[in-house]
Each structure stands twice: as structure tokens, then as C-alpha cells.
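# Need a 3D model of the sequence below.
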Amino acid sequence: MEPLTNICSIANRRYEEVPIEKVKVINSRNRDKEQFEMNVESIEGVGLMKPIRVNDKFLDTTGFYELICGEGRLLAHKQLAKTHVPAEVVTCTRKEALLQSLIENIARTKPGSMDFARELKRLHDEGWEYKRIAQIACKSEHYIRDYIRLVEQGEERLIQGVENGIFPIKFAIQVSSTEDSQIQNVLMDAFDAGLVTTNNFGQARRIISARAKQSKKSPASRDYTVVQLRQDIAETTRVKTSYVREAKTKENRFMTLLSGVNMLFKDGGLVELLKQQQLDKRPELSGDFQFDPSANSEVSS
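Below you'll find the model as predicted:
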């Protein structure tokens with residue numbers, strides 16, 4: 001992967017006090033108000049610890065520096081009625097500036113958050129392949145695809161739920177993989193009710209999907225609710241428990257029969273009689289089951 005910009009030592013970087021009125025924001029984004037007020041208070045108390053970064057490539061033609069990184073710090077200086085802001089000045093194309101901005105946002109954003117997911121999507125919208133984004137974010141391609149899908153396909157309620165701490169992002173990604181909005185809403189309602197978690201999500205989605213297929217044939221089953229899902233999960237669990245119990249019973253019966261056959265084949269007289277009738281060949285068993293090999297050796301001895 002080609003580097004976005006040449007690595008430059010601290011000594012060779014340009015830092016200037018740039019007039020705030022000459023800085024143009026070309027890639028604005030929303031920010032948390034509470035965090036912003038804390039940043040303003042910090043800058044007022046101890047000063048700016050990290051300069052903003054601006055691009056001077058178009059300064060001569062437009063009269064403005066274009067902001068690359070540090071919109072929050074720039075706005076804080078405006079709120080504090082300052083006229084200048086410390087800035088690192090670079091010269092690059094608008095595309096390079098945009099990519100630098102997106103990458104810094106990813107680096108500063110907490111992994112596993114909606115802001116992080118949105119920054120990944122913005123890189124993808126700029127034409128980056130999943131593999132390249134994964135290298136930048138230090139994540140797997142599968143991880144990147146899931147997070148971008150959450151932004152693209154997630155219901156607004158789902159996204160807001162993640163941002164407000166109602167849904168864990170893992171659950172949100174699972175829900176967003178379900179394209180039907182009605183099914184997404186039932187899953188979210190079920191999560192609110194404590195019925196569905198990330199552990200039993202697959203089972204719940206299969207049940208709801210099966211119901212959705214039935215709704216195409218039966219209009220009465222279209223308005224699927226959490227109450228019905230609870231009943232369906234209980235019924236599915238009952239059927240599964242019954243199946244396991246029945247399978248265990250049959251296995252126990254088979255093991256009893258197998259043990260009896262092994263005992264019979266230790267009887268030399270019976271084995272000779274079976275040989276005369278050409279019935280001494282025992283059937284082949286599949287799986288982990290097998291006949292006792294000592295039965296034949298005792299008879300032959």
C-alpha cells in the first residue's frame with residue numbers, strides 16, 4: 001500500500017500561528033457537545049496541546065487555508081474569541097487532505113462505536129477497498145464489512161440504540177445483517193425484553209424468518225410480536241429437549257443390545273451354531289460404536 005504522504009521529521013515540519021478567519025472547513029462532522037465544552041475549558045486553562053493541521057496549497061488562489069484535522073480545536077478557539085490558532089501547515093491535494101482527515105478520525109475514535117463505523121464507511125465511500133481500510137484500522141476485512149453494513153443497513157432505531165448504549169455493537173451488527181426491517185424491529189424489541197442476546201441471536205432470527213415466510217401465505221401471521229417469539233422459542237426448546245431425550249433413550253437401548261450381542265459371542269457353542277447357519281458375521285457399525293473385539297478372541301482360544 002502506498003503511503004498517503006511522505007513521513008516528515010519534527011524538525012522539518014512547518015508550524016505557524018494561522019489567522020482563524022482564514023481557515024476554511026471542508027470536511028465538517030458532528031461532535032459531542034459535552035466533550036466539546038470540556039475541550040474549550042481545557043484550551044482556556046492550559047492552552048492548545050496539539051496544533052490543528054491545515055493545507056496551504058490553495059492559499060494563493062482562494063485566500064484560505066483548508067482545514068485537514070482539528071475542527072473541534074478550531075471551534076474552541078473561535079468560542080474563546082481568539083484570532084489565531086497554532087497549526088501545522090502542509091501542502092497537498094484535496095484528496096490527500098481528505099484521506100488524512102479520515103484516517104486521523106479513525107485513529108482518534110473509540111473502536112466499537114458508531115462514530116468509528118461511520119469513519120470506516122466514509123473511507124469506503126471514497127473508493128477504498130475493504131482490505132486497505134482493514135490495514136489502516138488494524139482490523140480484519142470481515143470486521144470492516146460488518147461495521148460498514150451496520151451504517152448502510154441498520155434501522156435508525158438500531159443505530160440510535162448503539163449510540164445511547166441500549167444495544168451492544170455486536171448485537172447491532174447481527175441485526176443489521178437481517179435486511180427485513182420488520183424482523184430487525186422484532187429482534188430489537190426482543191432484546192429490550194431480555195429475550196434475545198448475542199448468544200441466542202441465531203436461533204431467534206431463524207424462528208422469525210420462518211414466521212416471515214409463513215406470513216406470505218397467511219396474512220394472519222404478519223404482525224409478529226415479541227410475545228409470539230417467546231412462545232416460539234419455548235416451543236422450539238421443548239421440541240429440541242424432547243428430541244435429545246428420545247435420542248438418549250434410543251442410544252441407551254442400543255448400548256444394551258450391543259452389550260448383549262458381545263456377551264452372546266463369548267459363548268463358543270452359540271458361535272459354532274451361527275457359523276453352521278452362516279450367521280456369524282456381525283454387521284458393520286458406523287460412528288463411535290463397535291463390537292467388543294475380545295468376544296471373538298475368547299471363542300477362538
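# any weak-confidence spans in the stretch 1-150 of the chain?
The stretch 1-150 of the chain contains residues with pLDDT under 70 at 1-11, 105-112.
# the strands in it, which residues?
Secondary structure of the stretch 1-150 of the chain, counting by DSSP state E, counting those that start in this stretch: strands at 14-19, 23-25, 52-55, 65-69, 84-90.
# quick one: the fourth one to chain centroid distance?
Chain-centre distance of strand 65-69: 32 Å, with Cα atoms, centre = their mean, to the nearest Å.
# and that strand, what other elements does it pack with?
strand 23-25, strand 52-55, strand 84-90, helix 94-108 (3 or more Cβ pairs under 8 Å, 6 or more residues apart in numbering; DSSP states H and E). Yep, even glycine has a C-beta here, placed from its N, CA and C like the rest.
# could you redo the last one with a cut-off of 7 Å?
Applying 3 or more Cβ pairs under 7 Å, 6 or more residues apart in numbering; DSSP states H and E, one finds that strand 65-69 contacts strand 23-25, strand 52-55, helix 94-108.
# swap in the third one?
Strand 52-55 makes packing contacts with strand 65-69, strand 84-90 when contacts are defined by 3+ Cβ pairs under 7 Å, 6+ apart.
# now swap in the first one and tell me
When contacts are defined as 3+ Cβ pairs under 7 Å, 6+ apart, strand 14-19 packs onto strand 84-90.
# got the contact list for the strand it packs on?
13-20, 48, 51-56, 74, 77 (Cβ atoms under 7 Å, 6 or more residues apart in numbering).
# And the buried ones among those residues, selectable in PyMOL?
Buried members of the contacts of strand 84-90, defined by 16 or more other Cβ atoms under 10 Å, are picked up in PyMOL with:
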select buried, resi 18+20+48+51+52+53+54+55+56+74+77
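# about what we covered before: single out the most deeply packed of the helices and strands packed on strand 52-55.
strand 65-69 (a mean of 24; mean count of other Cβ atoms under 10 Å).
# orientation of that one relative to helix 94-108 in degrees?
Interaxial angle, strand 65-69 versus helix 94-108 (axes from the mean of the first three to the mean of the last three Cα atoms, to 10 degrees): 30 degrees.
# Adjacent strands (with direction) for strand 65-69?
strand 23-25 (parallel), strand 52-55 (antiparallel) (DSSP bridges).
# what ranges of the stretch 151-300 of the chain fall below the confidence cut-off?
For the stretch 151-300 of the chain (pLDDT under 70), the answer is 154-155, 179, 211-223, 287-300.
# Show me where it has its helices.
156-163, 169-176, 181-192, 201-217, 226-264, 268-276, 293-300 (DSSP state H, counting those that start in this stretch).
# Run through the residues that contact residue 168.
residue 198.
# Domain boundaries for the protein, per the record?
1-105, 180-261, 265-301 (automatic domain parsing).
# what would these look like in JSON lines with distance to residue 145?
Output for the domains of the chain, formatted as JSON lines (distance: least, Cβ to Cβ, whole Å):
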{"stretch": "domain 1-105", "distance to residue 145": "18"}
{"stretch": "domain 180-261", "distance to residue 145": "18"}
{"stretch": "domain 265-301", "distance to residue 145": "38"}
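# between those, which one is nearest to residue 138?
Smallest distance to residue 138 across those (Cβ to Cβ): 11.8 Å, for domain 1-105.
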